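A.B. asks: generate coordinates for the sequence data below:
(2 chains)
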Number of protein chains: 2
Amino acid sequence: MKKTAPTQFNIHSNARERWSPRAFSPKPVEKEKLQSLFEAARWAASAFNEQPWRFIIGLKNDPSYKKILETLGDWNQRWAGQAPVLIINVAKRTFSHNGTKNGTFKYDLGQAVANLAFEAVNQGLYSHQMSGFDPEKARELFTIPEDFQAISVMAVGYYGNPDDLPADMAEAEAKPRIRKSFNELIFTETFAKTTTLF
Amino acid sequence: MKKTAPTQFNIHSNARERWSPRAFSPKPVEKEKLQSLFEAARWAASAFNEQPWRFIIGLKNDPSYKKILETLGDWNQRWAGQAPVLIINVAKRTFSHNGTKNGTFKYDLGQAVANLAFEAVNQGLYSHQMSGFDPEKARELFTIPEDFQAISVMAVGYYGNPDDLPADMAEAEAKPRIRKSFNELIFTETFAKTTTLF
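C.D. replies: Numbering: from 1, shown residues only, chains lettered A, B, ... in the order given. Okay, the predicted model is just below:
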């Protein structure tokens, strides 16, 4: 199922076609495609090139997959267990070169994950990120050190059949994609004053 | 100047070619290209579709540009003042639907900015993000409300002439791009145990 963004201005088709489905196919993702996804994530920008991102991956039927699934909230467990790949996105709170707090550790992780999501489209795959999970359960189950924090969980795979979703989720799946307007987001002179520069 | 990432696995060329230069051309960025950059940012994923991202933009010689430049640290001021476009990336700390704290406001902003950076490559442009700026000065100069936070500043433009950079920056400009290896980043079973799943 395509849900092409109703863009006003021209953007790359991979950005236009990225969306977050719930109807995943059980078809496994090829090893080569997983390599490309993480390769893309790896080359994101980060403050002081810290690369605070770490990923815990599980493939369906292996014990790590089951543990990642357990960290999800009930709503997310209902659909995410169909996806062939689950990933916990983790980030390091401090800078490695001097031990001080990294104010952009989540921001930098977001960029790596956005790169991964973009490459997923490039590979004919879909991704769906979730903040509805228990980061402390993730810490326990995978022995995540104190200096790292699990920020989101992501399902990755091929698109499945939306008719297989529970009724409430099938409805959400078909909803149009909406975003705030340019006027609400881009300012000049002072905050919340819509730019007139372009 | 190209600094193609030395990738081990195949990824989209836009991800491979994105890097953060300091030698920007003074050539203005076309209005249509700026529209595409922010269009790409707008369609990023975010928790509860909150879209916490906001952008304050200045074009060279307008007063907002000068104010954004003032927020930068000395090192960044030395090169960023050549770029035709400066942007402050801002994010909202709380969810609009219930007023509670948004644990992923920086993470979500990071995704929008990564989309923008990717689209920049798509448009033949370069971007360079900086965390070396004073967010409280940005708050004062642009009256950013308490519930929002300036997270980074970004220069955008065409590539310039690296010979115009001060000697120390010209050296940094020519350095190869490096990243942590797959083994250091992607785990299964337990944290820091390199995955063998793919």
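
A.B. asks: contacting residues for the nearest residue to residue A:59 once chain neighbours are set aside?
C.D. replies: Here the nearest residue to residue A:59 in space, its sequence neighbours aside, is residue B:197; by CB to CB, 6 or more residues apart in numbering or on different chains that works out to 5.1 Å. C-beta coordinates here come from the backbone N, C-alpha and C atoms, glycine included. For residue B:197, the contact set (CB atoms under 8 Å, 6 or more residues apart in numbering or on different chains) comprises A:34, A:57-59, A:62, A:64, B:188.

A.B. asks: how many other residues sit next to the closest residue to chain B within chain A?
C.D. replies: Taking CB to the nearest CB as the measure, chain A has residue A:110 as its residue closest to chain B, at 2.6 Å. A count of neighbours around residue A:110, defined by other CB atoms under 10 Å in any protein chain shown, yields 32.

A.B. asks: for chain A, which strand is longest?
C.D. replies: With secondary structure taken from DSSP state E, chain A has its longest strand at strand A:148-157.

A.B. asks: how about the following helix or strand past that strand: buried residues?
C.D. replies: The first helix or strand that comes after strand A:148-157 along the chain, using DSSP states H and E, is helix A:167-174. When burial is assessed from 16 or more other CB atoms under 10 Å in any protein chain shown, helix A:167-174 yields the following buried residues: A:169, A:173.

A.B. asks: close to chain B, is helix A:167-174?
C.D. replies: No - counting by CB under 8 Å from any CB of the partner chain, no contacts exist between helix A:167-174 and chain B, the nearest distance being 11.2 Å.

A.B. asks: what lies in contact with that helix?
C.D. replies: The list of residues contacting helix A:167-174 from outside it, by CB under 8 Å, 6+ apart, reads A:1, A:21-23, A:78-79, A:162-163, A:165.

A.B. asks: and the helix or strand just after that helix, what does it pack onto?
C.D. replies: The element immediately downstream of helix A:167-174 (helix or strand, assigned by DSSP H and E) is strand A:186-187. Strand A:186-187 makes packing contacts with strand B:53-59 when contacts are defined by 3 or more CB pairs under 8 Å, 6 or more residues apart in numbering or on different chains; DSSP states H and E.

A.B. asks: got the angle between the strand it packs on and strand B:148-157?
C.D. replies: Strand B:53-59 runs at 40 degrees relative to strand B:148-157, counting by axes from the mean of the first three to the mean of the last three CA atoms, to 10 degrees.

A.B. asks: can I get the contacts of residue B:197 in CSV with distance to residue B:98?
C.D. replies: As requested, those are arranged in CSV below (distance: CB to CB, whole Å):
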residue, distance to residue B:98
A:34, 36
A:57, 32
A:58, 31
A:59, 36
A:62, 37
A:64, 33
B:188, 36
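
A.B. asks: now, of the residues you listed, which are buried?
C.D. replies: When the contacts of residue B:197 are checked for burial by 16+ other CB under 10 Å, the buried set is A:34, A:57-59, A:64, B:188.

A.B. asks: middle-most residue in chain A, spatially?
C.D. replies: Within chain A, one residue has its C-alpha closest to the average C-alpha position: by CA atoms, centre = their mean, that is residue A:129, at 3.7 Å.

A.B. asks: in three-state terms, label that residue for me.
C.D. replies: Per DSSP: H, G, I helix; E, B strand; the rest coil, the local secondary structure of residue A:129 is strand.

A.B. asks: correct me if wrong: it contacts residue A:20.
C.D. replies: Yes - in this structure, residue A:129 sits in contact with residue A:20. The criterion is CB atoms under 8 Å, and the distance is 6.7 Å.

A.B. asks: joint contacts of these two?
C.D. replies: residue B:45.

A.B. asks: for the contacts of residue B:197, which one is nearest residue B:124?
C.D. replies: Among the contacts of residue B:197, residue A:34 lies closest to residue B:124 (CB to CB), at 30.5 Å.

A.B. asks: do whatever helix or strand that closest one lives in and chain B come into contact?
C.D. replies: Take DSSP H and E as the rule and residue A:34 turns out to sit in helix A:31-42. Yes - counting by CB under 8 Å from any CB, chain B is contacted by helix A:31-42 at A:31-32, A:34-36, A:38-42.

A.B. asks: which among these end up buried?
C.D. replies: When those are checked for burial by 16+ other CB under 10 Å, the buried set is A:34-36, A:38-42.

A.B. asks: ok, for the residue of chain A closest to chain B, nearest residue in space, not its chain neighbours?
C.D. replies: residue B:110 (2.6 Å).

A.B. asks: hey, which helix or strand in chain A has the poorest pLDDT?
C.D. replies: Taking all helices and strands of chain A together, the one with the lowest average confidence (mean pLDDT, DSSP states H and E) is helix A:167-174, at a mean of 92.

A.B. asks: what about the longest helix in chain A?
C.D. replies: helix A:105-122 (DSSP state H).

A.B. asks: hey, C-alpha coordinates of that one in PDB?
C.D. replies: Taking C-alpha atoms only, helix A:105-122 is exported to PDB below (Å, rounded to 0.1, in the frame of the first residue of the first chain):
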ATOM      1  CA  PHE A 105      22.400  12.300  22.000                       C
ATOM      2  CA  LYS A 106      18.800  11.800  21.200                       C
ATOM      3  CA  TYR A 107      18.900  14.300  18.300                       C
ATOM      4  CA  ASP A 108      21.800  12.500  16.800                       C
ATOM      5  CA  LEU A 109      20.200   9.100  17.200                       C
ATOM      6  CA  GLY A 110      17.100  10.600  15.400                       C
ATOM      7  CA  GLN A 111      19.300  11.400  12.500                       C
ATOM      8  CA  ALA A 112      20.800   8.000  12.200                       C
ATOM      9  CA  VAL A 113      17.300   6.400  12.400                       C
ATOM     10  CA  ALA A 114      15.900   8.800   9.800                       C
ATOM     11  CA  ASN A 115      18.800   7.700   7.500                       C
ATOM     12  CA  LEU A 116      17.900   4.100   8.200                       C
ATOM     13  CA  ALA A 117      14.200   4.800   7.500                       C
ATOM     14  CA  PHE A 118      15.100   6.500   4.200                       C
ATOM     15  CA  GLU A 119      17.300   3.700   3.100                       C
ATOM     16  CA  ALA A 120      14.500   1.300   3.900                       C
ATOM     17  CA  VAL A 121      12.300   3.000   1.300                       C
ATOM     18  CA  ASN A 122      15.200   2.800  -1.100                       C
END
